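Peer 1: let me see the structure of the following:
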Amino acid sequence: MTIQIIDRKNLVFRAGNNDYQFVKPNILFKNFGIIITAKVKGSCLGWNIEGEWVSYNKLKNKFKG
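Peer 2: The predicted structure follows:
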């Protein structure tokens, strides 16, 4: 799965055919309507997006670079 940054200022990205917006500290809005809260897996905070585990650190690095 590839993550495509749409809007860095509003933290909006696209994964698959869906748009997501990250809201601190641990919430994603899928298509700006469905709320997805983060889960802790081991010692890693993340989300199950499109059937794949995406960690907070992976998103953070995508938005930085």
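
Peer 1: could you pull out the helices for the chain?
Peer 2: 56-64 (DSSP state H).

Peer 1: partners of residue 39 in the sheet?
Peer 2: Beta-bridge pairing for residue 39 (DSSP bridges): residue 46.

Peer 1: now swap in residue 14 and tell me
Peer 2: residue 4, residue 19.

Peer 1: where does the chain dip in pLDDT?
Peer 2: Across the chain, not a single residue meets the criterion (pLDDT under 70).

Peer 1: mind running it again at 80?
Peer 2: Confidence mapping of the chain against pLDDT under 80 gives the ranges 1, 65.

Peer 1: can you name the residues that contact the residue lying farthest from the centre of it?
Peer 2: What lies farthest from the middle of the chain is residue 42; by Cα atoms, centre = their mean that is 18.2 Å. By Cβ atoms under 8 Å, 6 or more residues apart in numbering, no residues touch residue 42. Glycine gets a C-beta too; all of them are placed from N, C-alpha and C.

Peer 1: would you list the phi and psi of it?
Peer 2: Phi and psi for residue 42, reported as degrees, to the nearest 10, are phi 70, psi -110.

Peer 1: and residue 24, by the same measure?
Peer 2: Residue torsions, per degrees, to the nearest 10, at residue 24 are phi -60, psi 150.

Peer 1: number of nearby residues for it?
Peer 2: 6 (other Cβ atoms under 10 Å).

Peer 1: how near is it to residue 17?
Peer 2: Applying Cβ to Cβ, to the nearest Å, the value for residue 24 to residue 17 is 25 Å.

Peer 1: got it, and residue 50?
Peer 2: 9 Å.
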